[in-house]
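J.: mind looking at a prediction? Sequence and model below.
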Amino acid sequence: MSVKQIAYILFLTTFFTCKNAVDTKENKDLRIIATAGNESLDISEYNTEFISTGIIKDSIYNAKKSIENWATDALFYQEAIDKLSEDEIDIEKQVESYRRSLINYIYQTKLIEANLDTVINRSEIESYYEEHRDNFILNENIIKVNYFKIPVRTPALPKIKKLLNSFNPKDKELLNDLCVQNAENFFMNDSTWLFLEDIKKEIPALREQPDFNLSPGRVVEFADDEFYYYLKVKDVKVKNGLSPINFEANNIKKYIINIRKTALVMEYKKNLLEKAKADKKFTIN
């Protein structure tokens with residue numbers, strides 16, 4: 001398509017947008033500005049796609065691209081209709097199937113929200129854990145630790161070092177307060193399991209330590225130009241061993257909740273069917 005042709009189309013666009021006359025057969029023919037296969041593009045359709053920038057050069061470029069995009073879509077659609085089977089283009093059937101699935105999903109979600117018991121006691125977690133022990137094999141080493149990452153220029157560092165070796169509960173509270181104020185990062189929860197690889201991200205020098213050296217009770221202490229590191233190992237569980245129940249508790253809760261969801265929906269559907277039978281709304285001919 002030449003620049004002159006595009007410029008003429010721009011003229012027609014302005015002309016037919018402003019003109020409010022009754023179309024004749026000749027006008028209708030004149031308004032066809034492009035053809036692609038068995039489809040035609042007229043001025044009114046073109047006007048809904050074209051947005052003028054107000055700059056003639058840019059407007060001509062945009063007009064050409066707009067028409068080419070229309071032609072590409074039209075030709076692709078025509079080939080799709082020609083190449084696909086009737087079953088493949090049975091859109092209404094596919095849309096109805098999707099609509100049915102979506103409505104069922106929405107209603108199922110509302111049923112679960114309204115009726116699901118989400119309270120899970122410890123005995124249920126323990127029972128599930130014992131019945132599915134083979135599902136709780138560790139893929140990574142995990143560890144219970146206290147670790148500290150303190151900037152070496154922190155004035156409180158000497159006091160923090162002293163408190164690290166204290167067993168006095170009050171000193172532990174003071175240590176926590178000082179770390180909140182001064183530490184880059186720290187962790188003092190003795191009951192929580194962590195992935196060892198995550199600890200190594202916090203303390204890069206640990207990557208040089210063999211994992212088997214990190215046994216319960218071991219203290220690792222070192223510094224670089226920026227930070228002082230302190231790590232006290234409380235417990236370790238190695239890869240391929242049984243994962244501790246406390247480490248899996250949250251996952252087990254999710255498993256139990258999913259089981260309850262499935263059971264709730266299946267029971268509801270079963271009752272729905274039985275009621276339909278009783279009310280003679282379901283029969284097999």
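T.: Arrived safely.

J.: got the buried residues for stretch 240-256?
T.: Judged by neighbour count (16 or more other C-beta atoms under 10 Å), stretch 240-256 contains these buried residues: 243-245, 247-248, 252, 255-256. No exception for glycine: its C-beta is placed from N, CA and C like everyone else's.

J.: secondary structure element for the residue nearest the centre of the chain?
T.: Centroid-nearest residue in the chain: residue 254, 17.6 Å away (criterion: C-alpha atoms, centre = their mean). Residue 254 belongs to helix 245-278 when assigned by DSSP states H and E.

J.: before we move on, what about residue 230?
T.: strand 227-237.

J.: list the helices and strands that strand packs on?
T.: strand 142-151, helix 157-164, strand 219-223 (3 or more C-beta pairs under 8 Å, 6 or more residues apart in numbering; DSSP states H and E).

J.: related to what we said a few turns ago, I'd like the mean pLDDT over the helix holding residue 254, please.
T.: The average pLDDT within helix 245-278 is 95.

J.: got it, and stretch 154-170?
T.: pLDDT averaged over stretch 154-170 gives 90.

J.: who touches it?
T.: For stretch 154-170, contacts defined as C-beta atoms under 8 Å, 6 or more residues apart in numbering pick out 148, 150-151, 171-172, 174-175, 178-179, 181-183, 228, 230, 232.

J.: do the same with stretch 100-118
T.: 257, 260-261, 264-265, 268.

J.: whichever of those end up buried, select them in PyMOL.
T.: Selection of buried members from the contacts of stretch 100-118 for PyMOL, criterion 16+ other C-beta under 10 Å:
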select buried, resi 260+261+264+265
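
J.: ok, residue 271 to residue 166 distance?
T.: 62 Å (C-beta to C-beta, to the nearest Å).

J.: from the contacts of stretch 154-170, which is closest to residue 126?
T.: Nearest to residue 126 among the contacts of stretch 154-170: residue 232, at 29.1 Å, using C-beta to C-beta.
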